[in-house]
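Asker: Curious how this folds, go ahead:
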Amino acid sequence: MRQTWRWFGPVDKVTLADARQAGAEGIVTALHHIAPGAIWPVAEIEQRQREVAAHPDGPPTGLAWEVVESLPVSEAIKTQSGDWRGDLDRYAESMANLAACGIRTVCYNFMPVLDWTRTDLRAPTAAGGAAMVFDLIDFAAFDMHILRRVGARDDYPRAVIDAAAERFTAMSGDRKAELAANVTAGLPGAAEHWTLDDVRAKLADYRGIDAGRLRRHHVDFLEAMAPVAETQGVRLCCHPDDPPWPLLGLPRVWSTADDVRHVFDAVPSPAIGLTLCTGSFGARADNDLAAIVREFGPRIHFVHLRNVTREADAVPCSFAEDEHLAGDTDMVAVIGALLEEERRRKAEGRADWEIPMRPDHGHEILDDAARGSQPGYPAIGRLKGLAELRGIMTALEANHAAA
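Answerer: Reported below is the predicted structural model:
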């Protein structure tokens, strides 16, 4: 697999030099400063390519922008409201502009309102580092007592309602503010940063949109994009919901193998694919990651390798980001299935036989805490993860060659 590294642009505290020293072969990035629904101009894309190709003082980095993560889908497209058809046209133009610049793997997600959601961004680990955590009780406390969403109590069992009330009562003012900030956290340099009132307003936009309707909107989006992606040679791949279940009364429609199967059957174009995220899918005990690779392998265009440990097998549940080779996902089995898919593609003569992957998230360890990087994206924690994953890939390839 092609070993890539996520970089958030010049604002990122983890530099391109760090990525190269970690062993990255390519860069995953985006134009975070451009709002969803706006066109990504060729000039802006080329500027980011130059920033990736050279260090600020001039010498080449030896790296190139290879994968987009992400070209965001606007809320108007998801809800099919306002100028959503215009947003479709602008999305298609952005894809064409990326292809014109030689970038043809484009990751996106179709999560309503919030993308990834965690209640703790730097929770202490047993080894002394820090990791991101989704705590169901804390999230319910946010939903019912901080956001005060109408109807929130209807979405939780009595035990969670009672535990959340008790947890909220014991919270300090600082912890309440921290929890709200954690749940609504955005990316560095992102065009959108939402307050609680913003979140409430966005939730209102989804009144009357259930899972069935949102799934139809996703299919509509992909039916519009498939001809453009095919013409431009773009591989458009959807990232799973994170966490993979409904939140804040909002539907989620890319959480299970059934979700993927439904959309792939509706839009059979090979240009329309999946970003396999083992951490997002792995937060559900009913997702068999290796089986997902075997079933959807030909349409897996990008891979995130990370691991989580679930507190329970129920859906939803609390979970914590774990070390890459720990947690509830059998990473060896998943990597083995992905390498087998690469061999199958290569035998077919596919030009895209090598699947780009990146070490997703990572614990803050050693000097990471002093750097102040984006939560989940430390330098040393990801270096450690990539080294472990590279070791598994090397061992499995050697065993295959010797067989």
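Asker: Figure out how far stretch 93-104 is from the centre of its chain.
Answerer: Mean-position distance between stretch 93-104 and its chain equals 21 Å (CA atoms, centre = their mean, to the nearest Å).
Asker: Let me see the contact set for V73.
Answerer: By CB atoms under 8 Å, 6 or more residues apart in numbering, the contact list for V73 reads 36, 91, 108-110, 221. No exception for glycine: its C-beta is placed from N, CA and C like everyone else's.
Asker: Which single one of those residues is nearest to T231?
Answerer: Set against T231, the nearest of these by CB to CB is Y91 (14.2 Å).
Asker: Tell me how many other residues crowd that closest one.
Answerer: 27 (other CB atoms under 10 Å).
Asker: May I have the secondary structure class of it?
Answerer: Look at Y91: counting by DSSP: H, G, I helix; E, B strand; the rest coil, its state is helix.
Asker: hmm, back to that, among the contacts of V73, which are located in helices?
Answerer: Using DSSP state H, the subset of these located in helices is 91, 221.
Asker: okay if I get the contacts of V73 as JSON lines plus distance to C277 and pLDDT?
Answerer: Formatted as JSON lines, the contacts of V73 follow (distance: CB to CB, whole Å; pLDDT from 0 to 100):
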{"residue": "P36", "distance to C277": "20", "pLDDT": "93"}
{"residue": "Y91", "distance to C277": "21", "pLDDT": "98"}
{"residue": "Y108", "distance to C277": "13", "pLDDT": "97"}
{"residue": "N109", "distance to C277": "10", "pLDDT": "96"}
{"residue": "F110", "distance to C277": "13", "pLDDT": "97"}
{"residue": "F221", "distance to C277": "19", "pLDDT": "98"}
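Asker: between the contacts of V73, which is closest to N307?
Answerer: Checking the contacts of V73 against N307 with CB to CB, the nearest one is N109 at 19.8 Å.
Asker: The closest one touches H239, doesn't it?
Answerer: Yes: contact criterion CB atoms under 8 Å: N109 and H239 qualify, at 4.3 Å.
Asker: Now do the shared contacts for the two.
Answerer: In contact with both N109 and H239: 70, 254, using CB under 8 Å, 6+ apart.
Asker: Most neighbours out of the contacts of V73, which is it?
Answerer: Taking other CB under 10 Å as the neighbour criterion, Y91 ranks highest of those with 27 neighbours.
Asker: Next one: it from E51, what distance?
Answerer: 23 Å (CB to CB, to the nearest Å).
Asker: cool, and P270?
Answerer: Shown here: P270 relative to E51, a distance of 32 Å by CB to CB.
Asker: These two: which is more packed in?
Answerer: Using other CB under 10 Å, the more surrounded residue of P270 and E51 is E51, with 18 against 15.
Asker: Now do the strands in the stretch 301-403 of the chain.
Answerer: Assigned by DSSP state E, counting those that start in this stretch, the stretch 301-403 of the chain shows strands spanning 307-310, 319-322, 356-359.
Asker: and the last one, what other elements does it pack with?
Answerer: Packed against strand 356-359 by the contact rule (3 or more CB pairs under 8 Å, 6 or more residues apart in numbering; DSSP states H and E) you find strand 2-6, strand 26-29, strand 65-69, strand 300-305, helix 379-402.
Asker: Indicate which one of the ones you listed is closest to R85.
Answerer: Of all the helices and strands packed on strand 356-359, strand 65-69 comes closest under CB to CB, at 22.4 Å.
Asker: Could you tell me which strands sit next to that closest one in the sheet, and their orientation?
Answerer: Its sheet considered, strand 65-69 pairs with strand 26-29 (parallel), strand 105-108 (parallel) by DSSP bridges.
Asker: after the last one comes which helix or strand?
Answerer: Later in the chain than strand 105-108, the nearest helix or strand by DSSP states H and E is strand 120-124.
Asker: ok so, going back, Serialize the contacts of V73 to JSON lines and add fields for distance to I300.
Answerer: Shown next, in JSON lines, are the contacts of V73 (distance: CB to CB, whole Å):
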{"residue": "P36", "distance to I300": "25"}
{"residue": "Y91", "distance to I300": "22"}
{"residue": "Y108", "distance to I300": "15"}
{"residue": "N109", "distance to I300": "15"}
{"residue": "F110", "distance to I300": "17"}
{"residue": "F221", "distance to I300": "19"}
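Asker: Could you check how far the residue most central in space within the chain is from W254?
Answerer: Relative to the mean C-alpha position of the chain, the nearest C-alpha, by CA atoms, centre = their mean, is the one of H239, at 5.4 Å. Note on H239: its distance to W254, by CB to CB, is 8 Å.
Asker: shared neighbours of the two, anything?
Answerer: Contacts common to H239 and W254, judged by CB under 8 Å, 6+ apart, are N109.
Asker: Just give me the neighbour total for the closest residue in space to G372 that isn't next to it in sequence.
Answerer: Distance criterion CB to CB, 6 or more residues apart in numbering; nearest residue to G372, sequence neighbours excluded, is K13 at 5.5 Å. For K13, the count of nearby residues is 16 (other CB under 10 Å).
Asker: What of D115?
Answerer: D115, neighbours per other CB under 10 Å, totals 16.
Asker: How about the one 3 residues further on?
Answerer: Using other CB under 10 Å, R118 has 24 neighbouring residues.
Asker: Could you do S81 as well?
Answerer: 13.
Asker: what helix or strand is it on?
Answerer: Residue-wise, S81 maps onto no helix or strand under DSSP H and E.
Asker: From what I see, it and A204 are in contact.
Answerer: No: counting by CB under 8 Å, S81 stays clear of A204, with 11.3 Å between them.
Asker: quick one, what contacts Q232?
Answerer: With contact set as CB under 8 Å, 6+ apart, Q232 has these partners: 95-96, 99, 104.
Asker: Show me which of those are buried.
Answerer: 95-96, 99, 104 (16 or more other CB atoms under 10 Å).
Asker: Taking these, tell me the two that lie furthest apart.
Answerer: A96 and R104 (10.8 Å).
Asker: give me the element L276 is part of.
Answerer: Using DSSP H and E, L276 falls in strand 272-277.
Asker: Could you give the separation of that strand from the chain centroid?
Answerer: Distance of strand 272-277 from the chain centroid (CA atoms, centre = their mean) equals 10 Å.
Asker: Stretch 350-359 too?
Answerer: 17 Å.
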